[in-house]
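>>> Kindly return the folded structure for what I paste below:
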Amino acid sequence: MFRSLDQIGTLIIHCADTPNGRWTTVDEIDDWHRARGWKRGEAERKLCQPELTSIGYQFVIYTDGMVMPGRGIFEVGAHAAGYNTPSIGICLIGRDAFRMAQWDALKRKIAELKEELARGVKVGSFVREIKIIGHRQVNPAKTCPGFDVPDWLAAGMVPKAKHVLQ
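Alright, predicted model coming up:
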């Protein structure tokens, strides 16, 4: 299913819940999501990552900081039940400690998406605010991501030492 930019108001940060530092790819995540019964539409696959049949996230940040696309941003995700249409899912590989390259890539991706969404939707002379939250902010049963997103934002997007993998 497709959506327009004006329907997107939230960036939801996730973690893959894999061992910290272990290399994991979008192909592996796609396999996990396929096993859960998730499926992308044919039209959506034609526009972004056609080989990925089931991935729920729009972006995945590898342990080396490379940002890999999953679903396109106009494609409704499958990453946060009840919140998929108005959000973009960004997944960090790991559980609760991430390499600085991942933290830096996350900050850059958030800035890029906020700029892209702001260009796409303006209300009068004001640009609407884009919320940035963790998966656990919309599903208290989750511990994903393994850090507190509101605290990270309040600290100027500087991670606590315990969340930095050396």
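>>> Please name the residues that touch Gly82.
Val138 (C-beta atoms under 8 Å, 6 or more residues apart in numbering). Glycine gets a C-beta too; all of them are placed from N, C-alpha and C.
>>> Tell me the pLDDT of it.
On the pLDDT scale, Gly82 is placed at 95.
>>> now do the one 5 residues further on
Predicted confidence (pLDDT) for Ser87: 97.
>>> and it, how far is that from His79?
Look at Ser87 and His79: by C-beta to C-beta, to the nearest Å, they are 8 Å apart.
>>> just for this structure, where's the confidence low?
Scanning the chain for pLDDT under 70 picks out 120-128.
>>> Could you pull out the strands in it for me?
Using DSSP state E, the strands of the chain run over residues 10-15, 59-61, 67-69, 87-92, 122-123, 126-127, 131-134.
>>> For the fourth one, which strands pair with it and how are they oriented?
Here the strand partners of strand 87-92, with direction, are listed using DSSP bridges: strand 10-15 (parallel), strand 59-61 (parallel).
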